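[1] Sequence below, structure please.
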Amino acid sequence: MKVEVVKTEKQFDDFVKLAWKIYPKSSPWVPPLVSDLKVLYSSELNPFWLHAQREFFLVYDDNGNPVGKIAAIIDRNYLEFQNDACGFFGFFECINDIAAAKALYEAAFNWLKSKGINKMMGPMNPGTNDEVGFVCEGFNLSPSLMMAYTPQYYLDLAQKCGLTKIKELYAYDMDVANDSRVKRLERIVEMAKRKMPALVVRPVDLKKFRSELKLVMSVYNRAWEKNWGFVPWTDEEFEDLAVRIKPLVDPNLAVIALMNGSPVGMLVAAPDYNKILKKMNGKMFPFGWAKFLYYKNKLDSLRLLIMGVVKEYHNKGIEAIMYSKTLNYAISKGYKHCELSWVLDDNIPTQRTSEMMGGKIYKRYAIYQKLEK
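    You can find the predicted model right below:
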């Protein structure tokens, strides 16, 4: 197996499109848009790379065909905020061949060591605020919006290449139309509102997009700062993400909690557009756009992407108010299921909240680590 650094346009194109060679059409994998992948990988177009550096690698078989890929990544913001001298590997795709996988992992790890970093974890695609992890439960299920899918043999390859699982992330499946849960929420909401008359929970106003963005970012960077692996969004990253997902957002599924006008919580859910992307096979044109428009209003599943409350207002019922507001809207629109993801394996309060909402773990994701011996 021969490993090469991605340097040419042809190699970059192979890096972008390799996954289509790994996953058969019958796979639950959802092909991303090729145009989105090119932006994700581009150091000029993706603001993540303003505070990170990377090297892309391809591994070739004896016939010169690319059969695997990996990125070695150093996120300077992660190093500083977490005070953890750890690099990442990401965008791993590979045939079921131990020699190919070993060549890729060694190439990424050696590149990190050349930069003075002797610890590597992943997959991070490319950072901890993005798609992360290998699937370790739920291999027969397609991923929800902005979640990863990987085949089961990736776990075996990682372990045989000397990587160790260090963290699990959970995805919960929730039946939206559950009368008992709605009634229970109503009681909690009534009590919370009586205790906090100054609290306002309202939908995001897309007409005031930039000012709303600042409120959302304020909550996000305060509510998640103590979580494992958390790295604050930069202004450029948050705005880039928001611009990309704005056309997909139903404002009634994205709410902000304000106490005396100051943001203290937020909840963001979105229709599971992966069900449409699956049909588009990575292409917006010539027919992908038409498929998107046709199926857009036929979706019956959601993904809860973000739900958080700043520390000072934990356990006061704000989560319940936000849940209730979006849940009642989702029921009125005929949604059947919602994925709550991802939840850290040591985040007991969020796990309990997810279970209180009737959620059950139906997918798990694993983070792996490699250390210098």
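[2] Need phi/psi at the most centrally placed residue in the chain.
    Among the residues of the chain, the one closest to the centroid is residue 131, at 3.7 Å (C-alpha atoms, centre = their mean). Note on residue 131: its backbone torsions stand at phi -60, psi 130 [degrees, to the nearest 10].
[3] roughly how far apart are it and residue 53?
    19 Å (C-beta to C-beta, to the nearest Å). Yep, even glycine has a C-beta here, placed from its N, CA and C like the rest.
[4] Next: residue 266.
    Using C-beta to C-beta, residue 266 is found at 31 Å from residue 53.
[5] Okay, domains of this protein per the record?
    Split into domains by automatic domain parsing, the chain comes to 2-169, 173-364.
[6] The ones you listed: which one's closest to residue 370?
    Set against residue 370 and scored by C-beta to C-beta, the domains of the chain come closest in domain 2-169, at 4.7 Å.
[7] Return the helix or strand in the chain with minimum mean pLDDT.
    Sorted by mean pLDDT, DSSP states H and E, the helices and strands of the chain end with helix 288-295, the least confident at a mean of 70.
[8] Contacts for that one next, please.
    Helix 288-295 has contacts (C-beta atoms under 8 Å, 6 or more residues apart in numbering) with 33, 273, 275, 276, 279, 280, 281, 284.
[9] In which helix or strand does the residue lying closest to residue 314 once chain neighbours are set aside reside?
    Once flanking residues are discounted, residue 314 sits nearest to residue 349: 7.6 Å by C-beta to C-beta, 6 or more residues apart in numbering. Here residue 349, judged by DSSP states H and E, is contained in helix 348-356.
[10] can you state the direction angle for the helix or strand just after that helix and helix 348-356?
    Using DSSP H and E, the helix or strand that follows helix 348-356 in sequence is strand 360-371. Taking axes from the mean of the first three to the mean of the last three C-alpha atoms, to 10 degrees, strand 360-371 and helix 348-356 form an angle of 150 degrees between their directions.
[11] Can you spell out which helices and strands pack onto strand 360-371?
    Contacts defined by 3 or more C-beta pairs under 8 Å, 6 or more residues apart in numbering; DSSP states H and E place strand 360-371 against strand 119-122, strand 134-137, strand 164-175, strand 337-344.
[12] 6 Å instead?
    Under the contact criterion of 3 or more C-beta pairs under 6 Å, 6 or more residues apart in numbering; DSSP states H and E, strand 360-371 touches strand 119-122, strand 134-137, strand 164-175.
[13] just for the stretch 251-373 of the chain, where's the confidence low?
    285-289, 373 (pLDDT under 70).
[14] make it 90
    The model of the stretch 251-373 of the chain has pLDDT under 90 over residues 278-298, 306-307, 314-315, 349-350, 352-358, 372-373.
[15] just checking, residue 265 touches residue 309?
    Yes. Applying C-beta atoms under 6 Å, one finds residue 265 in contact with residue 309, separated by 3.9 Å.
[16] Overlap of the contact sets of the two?
    residue 318 (C-beta atoms under 6 Å, 6 or more residues apart in numbering).
[17] Tell me which of those two has more neighbours.
    Neighbour tally, residue 265 and residue 309, criterion other C-beta atoms under 10 Å: the higher count belongs to residue 265, 24 against 21.
[18] Check what contacts the helix or strand hosting that one and list those residues.
    Following DSSP H and E, one finds residue 265 within strand 262-271. With C-beta under 6 Å, 6+ apart as the test, strand 262-271 has contacts from 215-216, 218-219, 248, 253-257, 299, 302-307, 309-310, 313, 318, 322, 326.
[19] Can you list the buried residues in stretch 306-316?
    307, 308, 309, 310, 313, 316 (16 or more other C-beta atoms under 10 Å).
[20] and what of stretch 45-63?
    Quick answer for stretch 45-63 (16+ other C-beta under 10 Å): 46-49, 51-52, 54-60.
[21] Between those residues, which sits nearest residue 147?
    Among those, residue 48 lies closest to residue 147 (C-beta to C-beta), at 18.0 Å.
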